[in-house]
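Trainee: Sequence first, then the predicted structure:
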Amino acid sequence: MARFQSIAVIYGSDSSEWEVSCRSGEFTASRIDEFRYDVYEIFARFGDWRLVAMRKANSMRIAFPEGAQPAVDKSDFSVMVLGEKIKFDFAYIMQHGAPGETGLLQGYLEMLGVPHSSCSAFVTTVAFDKYSCKSYLRGVDYVKLAADALIRKGEDEEAFSARVVGELGLPLFVKPTCAGSSFGITKVEKAEDLPAAIRFAYTEGDTVLVESAIQCEHELTCAAYYDGTGVRTLPVIEIISSTGWFDYDAKYNGLSQEVCPAQIPDQLAARIQEVTRKIYTRLGCKGLVRLDYISAPDGIYFLEANIIPGMTNASLVPKMIRAAGISITDFLTTIIENS
């Protein structure tokens with residue numbers, strides 16, 4: 001028997017990733033077990049939360065037209081539909097970016113006592129911030145970290161750039177600390193381009209991470225989840241990008257090959273899965289988390305954590321799930337029932 005009945009899938013976001021989030025949310029909602037759960041799709045952006053579609057168990061999906069979409073009552077996480085008050089039992093978070101990956105949405109749900117699919121508010125906040133996440137892993141002996149430097153808006157960009165180029169060398173990657181889908185990221189080959197790259201990254205947030213580029217042999221990603229008995233990992237994917245690195249075009253415009261399972265030595269694949277389990281546990285994750293790496297001549301480098309990984313039909317995690325021989329529907333049930 002299912003622990004929950006009414007599942008709210010929350011998508012859309014306050015960030016540049018909101019359209020990707022919608023695609024992920026719609027795909028997830030469509031794959032949740034139609035015989036087991038009532039599924040409610042909530043579009044949430046800049047405080048306006050509305051029920052855009054619903055599907056009762058064993059029934060057809062109903063989409064609400066714009067202008068007639070019931071508003072979500074955020075005081076108790078409920079909605080009125082045709083005179084019936086629906087109080088959601090469980091939230092499946094599919095918001096990429098704020099507030100779903102910053103911990104704010106998790107904190108709201110936790111204060112109301114509503115179970116959800118994601119990491120805790122604290123873990124989400126730490127893991128989404130690239131610098132904070134790396135700081136939790138400094139000193140461990142099972143994964144390496146690229147040399148880096150942090151700058152916050154208002155600091156002297158020119159002085160910082162001169163110092164960082166001298167300390168880290170070139171090329172460099174410049175990243176907003178709190179953004180996904182490669183928004184705001186630049187690969188810097190020339191020292192004079194660094195200040196502009198920092199300012200570009202500020203369009204996504206107030207803190208920016210500058211990292212040494214790692215000599216890449218393989219760009220790899222692996223997902224972990226809790227299945228009720230322990231932390232499990234999915235098959236490793238190798239990303240081969242025709243743009244030189246896994247930028248927005250490579251991710252969403254077909255300019256990359258995503259080989260699953262990765263055609264790499266079995267020992268390396270097993271090592272990536274082992275490191276993934278260790279990082280998942282060290283950060284205190286729950287639900288589904290995807291972790292990205294670079295395999296270099298001197299070892300495995302951790303890149304970042306994806307607390308709400310993409311879940312479209314073409315996304316990385318669904319490819320891993322299919323390669324593992326698991327149905328998407330059964331996998332989502334596992335996440336829901338063991339969160």
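Mentor: All right, it came through fine.
Trainee: Could you pull out the buried residues of the helix or strand where residue 135 lies?
Mentor: In this structure, residue 135 sits in helix 130-137 according to DSSP states H and E. Burial within helix 130-137, assessed by neighbour count using 16 or more other C-beta atoms under 10 Å, is assigned to 130-131, 133-134, 136-137. Where you see a C-beta, it was placed from the backbone N, CA and C, and this is true even at glycine.
Trainee: Out of those, which is nearest to residue 236?
Mentor: Among those, residue 137 lies closest to residue 236 (C-beta to C-beta), at 18.9 Å.
Trainee: what sits against residue 339?
Mentor: 90, 115-118, 286-287 (C-beta atoms under 8 Å, 6 or more residues apart in numbering).
Trainee: What about those residues, which one has the most neighbours?
Mentor: Within the contacts of residue 339, neighbour counts (other C-beta atoms under 10 Å) peak at residue 118, which reaches 27 neighbours.
Trainee: Look up how far residue 156 lies from that one.
Mentor: 37 Å (C-beta to C-beta, to the nearest Å).
Trainee: and if you look at residue 117?
Mentor: 42 Å.
Trainee: can you check residue 304 too?
Mentor: 27 Å.
Trainee: Those two: which is more packed in?
Mentor: For residue 304 versus residue 156, neighbours defined as other C-beta under 10 Å are more numerous around residue 304 (20 against 11).
Trainee: Test my guess that that one contacts residue 130.
Mentor: Yes. Look at residue 304 against residue 130 with C-beta atoms under 8 Å: they come within range, at 5.4 Å.
Trainee: Which helix or which strand is home to residue 15?
Mentor: Going by DSSP H and E, residue 15 is not part of any helix or strand.
Trainee: before we move on, back to that, could you dump the buried residues of helix 130-137 into CSV with pLDDT and distance to residue 322 added?
Mentor: Shown next, in CSV, are these (pLDDT from 0 to 100; distance: C-beta to C-beta, whole Å):
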residue, pLDDT, distance to residue 322
130, 95, 29
131, 96, 34
133, 97, 28
134, 97, 31
136, 96, 31
137, 97, 30
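Trainee: Report the buried residues of stretch 260-272.
Mentor: In stretch 260-272, counting by 16+ other C-beta under 10 Å, buried: 260-262, 264, 268-269, 271-272.
Trainee: Identify, from the residues you listed, the entry nearest to residue 163.
Mentor: residue 272 (33.8 Å).
Trainee: Now do the closest one against residue 128, distance only.
Mentor: Distance of residue 272 to residue 128, given as C-beta to C-beta: 21 Å.
Trainee: Please name the nearest non-neighbouring residue to residue 99.
Mentor: Spatial nearest neighbour of residue 99, chain neighbours left out: residue 105 (4.5 Å); criterion: C-beta to C-beta, 6 or more residues apart in numbering.
Trainee: thinking that neighbour is in contact with residue 10, fair?
Mentor: Yes. Proximity of residue 105 to residue 10 meets the contact threshold set by C-beta under 8 Å, at 7.0 Å.
Trainee: These two: which is more packed in?
Mentor: Remark: of residue 105 and residue 10, residue 10 carries more neighbours, 27 against 23, as counted by other C-beta under 10 Å.
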